[in-house]
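S.K.: Structure, please.
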Amino acid sequence: MLKRIGLIAGAAAVGLAAVAGCTSSGGSGNAGGSANAGSGNSGAAQLSPAAFIKAALTKASNDKTVHVTGTISSSSFSGTLDAQEQFSPATEMSMTMSSSQMNISEVLVGNTIYMKIPQLSSMLGGKPWAKLDMSALGSLGSSVQSMLDSAKNTDPTQQLEPLLASGDLRKVGTETVDGVQAEHYSGTVDAATAFDSSVAAKNLTPDQVAQLKSLMKTAGVTTETIDVWVASSGLPVRETVSSNTATGAVKVDLHMSGWGQPVSISAPPADQVSDLSSIMGNLTASPSSS
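M.R.: This next block holds a predicted model:
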C-alpha cells in the first residue's frame, strides 16, 4: 500500500505521497464531509457502484485541501496519524505520526521533506528538525524522488481508482460515519489480474492502469481490499485499505474532514533545521573509494 504509508527517513517521500494518495479530495468544503449538497444521495440509488465511485471521483477532483486522521498497522508497526494536506497548486503536507516507540512530525514543502524525530536530535546538533532535499540526494534520492513526482502529478483521488478495476465493486449499505450518513462501497483488487481485465479498461484510462500497476508492484502488493464511505455531499468521509504484501499485511483506516478549508503548511524555522541532504548524498557519491 505504497501510497498510503507514512514516511520515515529515506522512505519519507513515499509515505507523504502515501497519505495523499490515500485520501480522495472533495469539492464542497464542508467539514467532516457533512451533507448539505442536497441531491447527493438522491441520485446515488440509480447509479451502478462503478458509476457512483466515478461520480465521487469527479466531484472530489475539484477540492484542494483535506484534514485526515487515522491509524496504520502492520506486523512491525502500529500508530496513529493526523495530517492536513494541500493537493493543488502544489502538493504539500503536514503530518504527525504517533506510536509506542516514537512520535514523528513531517512536513512536505516543494521537493523538501522536514522530519522531527526525537531519537535523531543528538545527530542534528541539538536541532529538532532534519531536512532532506530530494534534488541533493544523488542516486539515493532518485527512486524516492520519482515517487514524490508521481504523487505531485497524480490527483489524490487515485486512491479509489483501484476500486474501479476490482471486478467485484459492490455497495455494502448505508451507515453512519463520524455522525454523517454515508454510502459504503467495497472491492478487492488482485494485483496480478485486476488491471488487465475488461473492467479496468472500461473504468480507467491506459495511463491510470499503467500507473496503478507500477505503484502496486513497487509496494509488493498482491491483494488489496478497499472500503470507502461517501457522504451525500459526494465527499469521502472514511476509507480503509487492507493490503497483503511481500512483507506482510498492512491496514490503514482514514477519516477525512475539512474538505476545501484553509490549511497552514510551512517549513520549520531555519535555525531549528539541520540539513541532512548533502550528507546522505555523499554516501552514494563515491561507492568504491576504499
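S.K.: What ranges does the protein have for its strands?
M.R.: 65-74, 78-86, 92-99, 103-109, 112-116, 129-133, 170-177, 180-190, 221-231, 236-245, 248-257, 273-275 (DSSP state E).
S.K.: Can you add distance to residue 53, mean pLDDT and mean neighbour count and give those strands back as JSON lines?
M.R.: To be clear about C-beta, it is placed using only N, CA and C from the backbone, and glycine gets the same treatment. Below are the strands of the chain laid out as JSON lines (distance: least, Cβ to Cβ, whole Å; pLDDT from 0 to 100; neighbours: other Cβ atoms under 10 Å):
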{"stretch": "strand 65-74", "distance to residue 53": "18", "mean pLDDT": "87", "mean neighbour count": "19"}
{"stretch": "strand 78-86", "distance to residue 53": "21", "mean pLDDT": "88", "mean neighbour count": "19"}
{"stretch": "strand 92-99", "distance to residue 53": "24", "mean pLDDT": "87", "mean neighbour count": "19"}
{"stretch": "strand 103-109", "distance to residue 53": "27", "mean pLDDT": "87", "mean neighbour count": "21"}
{"stretch": "strand 112-116", "distance to residue 53": "31", "mean pLDDT": "86", "mean neighbour count": "21"}
{"stretch": "strand 129-133", "distance to residue 53": "35", "mean pLDDT": "85", "mean neighbour count": "22"}
{"stretch": "strand 170-177", "distance to residue 53": "10", "mean pLDDT": "95", "mean neighbour count": "13"}
{"stretch": "strand 180-190", "distance to residue 53": "6", "mean pLDDT": "93", "mean neighbour count": "21"}
{"stretch": "strand 221-231", "distance to residue 53": "7", "mean pLDDT": "90", "mean neighbour count": "22"}
{"stretch": "strand 236-245", "distance to residue 53": "10", "mean pLDDT": "87", "mean neighbour count": "22"}
{"stretch": "strand 248-257", "distance to residue 53": "15", "mean pLDDT": "88", "mean neighbour count": "20"}
{"stretch": "strand 273-275", "distance to residue 53": "41", "mean pLDDT": "89", "mean neighbour count": "17"}
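S.K.: any chance of those strands in JSON lines, with distance to residue 47 too?
M.R.: Listed next are the strands of the chain as JSON lines, based on distance: least, Cβ to Cβ, whole Å:
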{"stretch": "strand 65-74", "distance to residue 47": "23"}
{"stretch": "strand 78-86", "distance to residue 47": "28"}
{"stretch": "strand 92-99", "distance to residue 47": "32"}
{"stretch": "strand 103-109", "distance to residue 47": "35"}
{"stretch": "strand 112-116", "distance to residue 47": "40"}
{"stretch": "strand 129-133", "distance to residue 47": "44"}
{"stretch": "strand 170-177", "distance to residue 47": "9"}
{"stretch": "strand 180-190", "distance to residue 47": "10"}
{"stretch": "strand 221-231", "distance to residue 47": "11"}
{"stretch": "strand 236-245", "distance to residue 47": "16"}
{"stretch": "strand 248-257", "distance to residue 47": "21"}
{"stretch": "strand 273-275", "distance to residue 47": "49"}
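S.K.: For residue 48, find the nearest of these.
M.R.: Proximity to residue 48 (Cβ to Cβ) singles out strand 170-177 among these, at 9.1 Å.
S.K.: can you give me the end-to-end distance of stretch 96-105?
M.R.: 4 Å (Cα to Cα, to the nearest Å).
S.K.: Show me the contact partners of it.
M.R.: Residues from elsewhere that reach stretch 96-105, judged by Cβ atoms under 8 Å, 6 or more residues apart in numbering: 6, 8, 72, 77-83, 94-95, 106, 115-119.
S.K.: Residue 242 touches residue 249, doesn't it?
M.R.: Yes - with contacts counted by Cβ atoms under 8 Å, residue 242 reaches residue 249, the gap being 6.9 Å.
S.K.: which residues of the stretch 1-150 of the chain fall in helices?
M.R.: Applying DSSP state H, counting those that start in this stretch to the stretch 1-150 of the chain gives helices spanning 12-22, 40-44, 49-60, 142-152.
S.K.: Going by mean pLDDT, which of those helices comes out lowest?
M.R.: The minimum mean pLDDT among these belongs to helix 12-22 (a mean of 36).
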